[in-house]
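>>> The following block contains a protein sequence and its predicted model.
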Amino acid sequence: MSLRKPGFPARGAMPATAKAQSNVHREWMRLPADLAPVPMAVRETLGVETVDFTSARLRMVQRLAASGIEHTRVLKAMNSVLRHQFVDSALAVQAYQDTSLPIGLGQTISKPSIVARMCELLAQSAAAQSGLGRVLEIGTGCGYQAAVLSLVAKEVYTIERLRALHEKARVNLRPLRLANVHLILGDGMLGFASGAPYAGIISAAGGEELPQAWCDQLAEGGRLVAPILGAGGQQVLLVVDRTADGFQRTVLEHVHFVPLKSGLG
């Protein structure tokens, strides 16, 4: 099956207004001492975000920190990416609640807590000790997690099988001009061999077994984080570390993701 070559977004992001930045600074002072304010990407077409959204996002990050998310870069990324701009405007007021939201075609944007959790697991891998390198995301969806990963990893390849969502993600991400994010339309179960090996692979959909292609494309020292069907038919979060001796699997908490499917749609 042919895959569209990766391409797209470009540089930087518009800064928030001085007033919004001041509010961000005051709120960040209530978070762990090693965190600092970071620039916030704002869509040029929609203008500067409201202070209400800023405060709601900061409260979300505070909840993440209180729940055990410790990785500084992950917390900064969760504060930087404007989740309300990745969902329908009617759902924007729910954007910073810890809930998944529909994005169309029977798919959802993952809860902030699970996005932060999975990104942190990648950032804690052996391959990421000097910084997380190239990452493959299975299931672009609306592009939110790819945007978060762009601030955690050096390079992000993200693949989506549904053309309508692939295009939605392109629209959502284009104004952010993320030069290190590459969008691919293709079958995620095949991974993306052209970008391999990957320091991290993360999946936003779960199947009964891990596709062999994902394991083959994982670098030594790299880590794969994905939901998988566990005992009793419930999904669990699986971490797979590739070592010189093979693959080490660790089963974590129960999760709930959309099912992993093959082919284009």
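Nice, thanks for sending it over. Numbering: from 1, shown residues only.

>>> can I see the domain layout of this protein?
Annotated domains of the chain cover 18-102, 104-259 [automatic domain parsing].

>>> Of the ones you listed, which stretch is the most buried?
domain 104-259 (a mean of 20; mean count of other CB atoms under 10 Å). The way it works is simple: take the backbone N, C-alpha and C, and place the C-beta from them, glycine included.

>>> Can you give me the end-to-end span of that one?
Using CA to CA, to the nearest Å, one end of domain 104-259 lies 15 Å from the other.

>>> Relative to Gly265, which of the domains of the chain is closest?
Among these, the nearest to Gly265 by CB to CB is domain 104-259 (4.7 Å).

>>> could you dump the domains of the chain to CSV with mean pLDDT and distance to Gly265?
Formatted as CSV, these follow (pLDDT from 0 to 100; distance: least, CB to CB, whole Å):
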stretch, mean pLDDT, distance to Gly265
domain 18-102, 73, 17
domain 104-259, 95, 5
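
>>> the strands in this protein, which residues?
In the chain, the strands defined using DSSP state E lie at 101-104, 107-109, 132-138, 153-160, 181-185, 198-203, 205-206, 218-229, 235-243, 246-254, 258-259.

>>> With respect to Gly191, which of those strands lies nearest?
Nearest of those to Gly191, taken as CB to CB: strand 132-138 at 6.3 Å.

>>> got JSON lines for the strands of the chain, with distance to Leu173 too?
What follows is the strands of the chain, written out as JSON lines (distance: least, CB to CB, whole Å):
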{"stretch": "strand 101-104", "distance to Leu173": "14"}
{"stretch": "strand 107-109", "distance to Leu173": "13"}
{"stretch": "strand 132-138", "distance to Leu173": "12"}
{"stretch": "strand 153-160", "distance to Leu173": "9"}
{"stretch": "strand 181-185", "distance to Leu173": "6"}
{"stretch": "strand 198-203", "distance to Leu173": "17"}
{"stretch": "strand 205-206", "distance to Leu173": "19"}
{"stretch": "strand 218-229", "distance to Leu173": "21"}
{"stretch": "strand 235-243", "distance to Leu173": "26"}
{"stretch": "strand 246-254", "distance to Leu173": "29"}
{"stretch": "strand 258-259", "distance to Leu173": "20"}
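
>>> Indicate which one of those strands is closest to Ser67.
Shortest distance between Ser67 and those, using CB to CB, is found for strand 246-254: 12.1 Å.

>>> and the longest helix along the chain, what other elements does it pack with?
In the chain, taking DSSP state H as the definition, the longest helix is helix 51-67. On a contact count with 3 or more CB pairs under 8 Å, 6 or more residues apart in numbering; DSSP states H and E, helix 51-67 meets helix 18-28, helix 72-80, helix 112-123.

>>> again, only this time at 6 Å
helix 18-28, helix 72-80 (3 or more CB pairs under 6 Å, 6 or more residues apart in numbering; DSSP states H and E).

>>> Sounds good, over and out.
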